[in-house]
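> Let me see the structure of the following:
(one chain, ligands or ions: 1)
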Amino acid sequence: MDDATGGLYRKLSEFNLFDTLSNRFHSDDFNATRSEYIRTRVNILSIIFAIFAPLWIPIDYLLLTSDDAGVIAVYRLLLSIAMLGLLLTNNIRKRNLQHSLLCLTLLIIFPALFYTVCLLQLSGNDTLIGYSFIPFLLVAILSVFPLTLIEASVLGTGLIAALLCNDFFYGTLFTLSGFKDLWLISILLVIALWANQAQLHMLLRLYRQATRDPLTGLLNRRVMMERMKEMSKTWSKSEQPVVSVLMLDLDRFKRINDTYGHLTGDQVLQAFSQIMKDELRSTDILTRYGGEEFTAILPGSDMENASHAAERIRMHCEQSWVASTDNEPVRFTVSIGVGELKPGETFNDALHRVDNSLYEAKKTGRNKVVQAD
Ligand SMILES: Nc1nc2c(ncn2[C@@H]2O[C@H](COP(=O)(O)OP(=O)(O)OP(=O)(O)O)[C@@H](O)[C@H]2O)c(=O)[nH]1
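Numbering: from 1, shown residues only. Okay, the predicted model is just below:
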């Protein structure tokens, strides 16, 4: 493989298609972040539509018969009102991806409907100015949003279908002009899909950089604290569900660094985080709390289950090793504090209790799991 091909291959491998294909693989928190991006863009575009739609009314009066211009003026005002309504609706539910996507769909549907009713009203008028570009404008608007391939394809296909229906109704579907429109809108749609993917990819990258520890890929402490806060907020409204907390600290890690070097120390940290991922569920919240200290929040696990999980991690570490830079096997162990959140207790208080039991594990010999009172 030559350098150029190799470079392209590496770039394509970095660009994980599953990341941008559908939101099934995204965390709730990322979906909430993306919904905010979509919401702000829908806000701006609905204001632009609401202002610009009626501004064309005087021009319609110059170009169209006064009967047609009068009817279209009503349509333009209705579009403007619909866009203001959309602006209000869009801000009712924040950080909700489904709601933001619904509002985005309405942002596309309202002008598409306006376009269709205008064509119906103006059928027979060959010198339409200011209307034929609407479907193309709507496809171009799609490119402003960070959408998954599936979301963008659904919206884009809907727009092409609307254009085809109008062409069919107008009898231009199988004419050169109809084909030209279809060709142009398809090219625009491909460019829009590419822009969507690039935006979503960049957003995911920025999000990961801001929320994850670069060495282990686990969440950072700030995000864990925010998640705990959000979780606790939902609990106050309903009953507090069962949840447990683990605090894990690698034993004598300084010695590993001092003996084998920081690079090997880093490899141990990576191997340990992989063990945590292997032994815990994908719904558990795993965090690099700092240095060689980690936490795991286990929703739905009581003290007994959480202790079993902690014991599995401890044993897995005991049986693991990484190769040092001199190819020597480096073994490592971990001490773990475990506790179940008590009714009415704050996460911070629970963490404090569990931290005490971790301290107890360290004090009484390390490489053990100690339950909090
Ligand atoms: N290689 C590497 N070392 C780190 C990183 N972050 C923190 N450390 C090191 O982790 C070590 C933690 O040492 P201590 O807090 O003394 O704890 P310990 O040696 O594990 O001893 P105990 O916790 O009492 O078992 C320090 O030497 C830090 O420099 C990192 O990202 N990479």
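> Please make it C-alpha for all contacts and neighbour counts, starting now.
Will do.
> got a list of contacts for stretch 288-300?
Contacts to stretch 288-300, defined as Cα atoms under 8 Å, 6 or more residues apart in numbering, come from residues 213, 216, 218-221, 241-250, 253, 269, 283-287, 306.
> Tell me the backbone dihedrals of Trp321, please.
Main-chain torsions, Trp321, degrees, to the nearest 10: phi -160, psi 160.
> Sorry, slip of the keys, the one I care about is Pro58.
According to degrees, to the nearest 10, Pro58 has phi -60, psi -40.
> What are the structural domain limits within this protein?
Listed by automatic domain parsing, the domain ranges of the chain are 3-211, 219-371.
> Where does pLDDT dip in the stretch 1-150 of the chain?
Residue ranges of the stretch 1-150 of the chain with pLDDT under 70: 1-17, 124-128.
> brain fart, the stretch 201-350 of the chain
Scanning the stretch 201-350 of the chain for pLDDT under 70 picks out 236-238.
> Show me what from it comes close to the ligand.
250-255, 257, 262-263, 265-266, 291-292 (Cα under 6 Å from any ligand atom).
> go again using 8 Å as the cut-off
215, 249-258, 261-269, 290-292, 335 (Cα under 8 Å from any ligand atom).
> And those residues, which of them are buried?
Buried members of those, counted by 16 or more other Cα atoms under 10 Å: 249-251, 253, 256, 264-269, 292, 335.
> Farthest-apart pair in these, please.
Thr264 and Ser335 (19.8 Å; Cα to Cα).
> Excluding chain neighbours, what is closest to Leu351?
Val245 (7.1 Å; Cα to Cα, 6 or more residues apart in numbering).
> likewise Ile185?
Phe136 (6.0 Å).
> Same check on Phe179?
Leu173 (7.0 Å).
> what does Thr89 give?
Closest to Thr89 by Cα to Cα, 6+ apart is Cys103, at 7.6 Å.
> likewise Pro241?
Pro241's closest residue in space is Gly300 (Cα to Cα, 6+ apart), at 6.9 Å.
> what's the neighbour count on the one you found?
The number of residues packed near Gly300 is 13, by other Cα atoms under 10 Å.
> how much space between it and the ligand?
According to Cα to the nearest ligand atom, to the nearest Å, Gly300 stands 29 Å off from the ligand.
> same deal with Trp56?
If you measure Trp56 against the ligand using Cα to the nearest ligand atom, the figure is 61 Å.
> For the remainder of this discussion, apply numbering that starts at 687.
New numbering, starting at 687: the last item is Trp742.
> Phi, psi for that residue please.
phi -90, psi -10.
> Pull the number of nearby residues for Pro1014.
I think there's a mix-up here, since residue 1014 is Glu and not Pro. Neighbour number of Glu1014 under other Cα under 10 Å is 11.
> try the one 4 residues further on
Other residues near Phe1018 number 22, with proximity taken as other Cα under 10 Å.
> Please verify my assumption that it contacts Met1001.
No. Phe1018 is beyond contact range of Met1001, at 10.6 Å (criterion: Cα atoms under 8 Å).
> OK, contacts around Asp1041?
Taking Cα under 8 Å, 6+ apart, one finds Met933, Gly1023 in contact with Asp1041.
> nope, Leu772 is what I meant
Counting by Cα under 8 Å, 6+ apart, Leu772 touches Ser732, Cys789, Leu792, Leu793.
> rerun that using 6 Å as the cut-off
Counting by Cα atoms under 6 Å, 6 or more residues apart in numbering, Leu772 makes contact with nothing.
> Angles on the backbone of it, please.
phi -60, psi -40.
> State which helix of the chain is the longest.
Counting residues, the longest helix found in the chain (DSSP state H) is helix 862-897.
> Same question for that helix: list its buried residues.
Those buried within helix 862-897 under the rule 16+ other Cα under 10 Å are 864, 867-868, 871-872, 874-887, 889-890, 894, 897.
> Quick check: next helix or strand after it?
strand 905-906 (DSSP states H and E).
> Now the element after that next one, going C-ward?
Counting by DSSP H and E, the next helix or strand C-terminal to strand 905-906 is helix 907-923.
> Hey, what's the angle from that next one to helix 862-897? Just curious.
Here helix 907-923 points in a direction 100 degrees away from that of helix 862-897 (axes from the mean of the first three to the mean of the last three Cα atoms, to 10 degrees).
> Return helix 907-923 as PDB; C-alpha atoms alone will do.
Extracted in PDB, the C-alpha atoms of helix 907-923 (Å, rounded to 0.1, in the frame of the first residue of the first chain):
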ATOM      1  CA  ARG A 907     -14.700  13.200  36.900                       C
ATOM      2  CA  ARG A 908     -16.600  16.300  35.900                       C
ATOM      3  CA  VAL A 909     -19.000  14.500  33.700                       C
ATOM      4  CA  MET A 910     -19.600  11.800  36.300                       C
ATOM      5  CA  MET A 911     -20.500  14.400  38.800                       C
ATOM      6  CA  GLU A 912     -22.900  16.000  36.300                       C
ATOM      7  CA  ARG A 913     -24.500  12.600  35.500                       C
ATOM      8  CA  MET A 914     -25.000  11.900  39.200                       C
ATOM      9  CA  LYS A 915     -26.600  15.300  39.600                       C
ATOM     10  CA  GLU A 916     -29.000  14.600  36.700                       C
ATOM     11  CA  MET A 917     -29.800  11.100  38.000                       C
ATOM     12  CA  SER A 918     -30.600  12.500  41.500                       C
ATOM     13  CA  LYS A 919     -32.900  15.200  40.000                       C
ATOM     14  CA  THR A 920     -35.100  12.500  38.400                       C
ATOM     15  CA  TRP A 921     -35.200  10.600  41.600                       C
ATOM     16  CA  SER A 922     -36.700  13.300  43.700                       C
ATOM     17  CA  LYS A 923     -39.800  13.200  41.600                       C
END
